[in-house]
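> what follows is a predicted structure for the sequence shown.
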Amino acid sequence: QVQLAESGGGLVQAGGSLRLSCAASGRTFANYVMGWFRQAQGKEREFVAALRWSGGRTYYADSVRGRFTISRDNAKNTVYLQMNSLKPEDTAVYYCAAALITWAGGFMSDKPYNYWGQGTQVTVSS
């Protein structure tokens, strides 16, 4: 049974940092693309960042590039999202997801993702 469990959310002031974790279990994720998405209240879910587990290639949404970093720890089967210079507009529920797709497989859309975590709330105060 595949499980993705996010943690690390919370309340932070603008300019601060948080690190989200996504502990993955239930299968080998070597052939997966791991993604972080977020959904603010009243808005659609949006892509934040993606990482190809094998090789570690990454990609970011324009809104977070240069501030957020996605990474993985193979030994812990965990994906991280380091978020720096946080802004109030980063406030959202953040979700970790896994997709069995190639890097050209449309990882910025939420549709290819087979597995999702329960989400973790990030609130940035001004």
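Here it is on my side, so go on. Numbering: from 1, shown residues only.
> which residue is nearest the middle of the protein?
Central residue check for the chain by C-alpha atoms, centre = their mean: the C-alpha nearest the mean position is that of residue 36, 2.1 Å away.
> separation between residue 56 and residue 88?
31 Å (C-beta to C-beta, to the nearest Å). Backbone N, C-alpha and C define where each C-beta goes, glycine included.
> does the residue nearest to the centre of the chain touch residue 81 like I think?
Yes: between residue 36 and residue 81 there is a contact at 4.9 Å, judged by C-beta atoms under 8 Å.
> give the residues shared as contacts by these two.
Common contacts of residue 36 and residue 81, defined by C-beta atoms under 8 Å, 6 or more residues apart in numbering, comprise 20, 22, 48, 49, 70, 94.
> can you pull the contacts of the closest residue to residue 13 other than its chain neighbours?
Nearest non-adjacent residue to residue 13, counting by C-beta to C-beta, 6 or more residues apart in numbering: residue 125, 5.4 Å away. By C-beta under 8 Å, 6+ apart, the residues touching residue 125 are 11, 12, 13, 14, 88.
> now residue 124
11, 12, 13, 14, 16, 86, 87, 88, 89, 90, 91.
> pLDDT score assigned to it?
Among the per-residue scores, residue 124 holds a pLDDT of 98.
> tell me how many other residues crowd residue 108.
Neighbours of residue 108 under the rule other C-beta atoms under 10 Å: 14.
> with residue 103 instead?
Around residue 103 there are 13 residues (other C-beta under 10 Å).
> was I right about it contacting residue 35?
No: here residue 103 lies out of contact with residue 35, judged by C-beta under 8 Å, at a distance of 11.8 Å.
> all set now, cheers.
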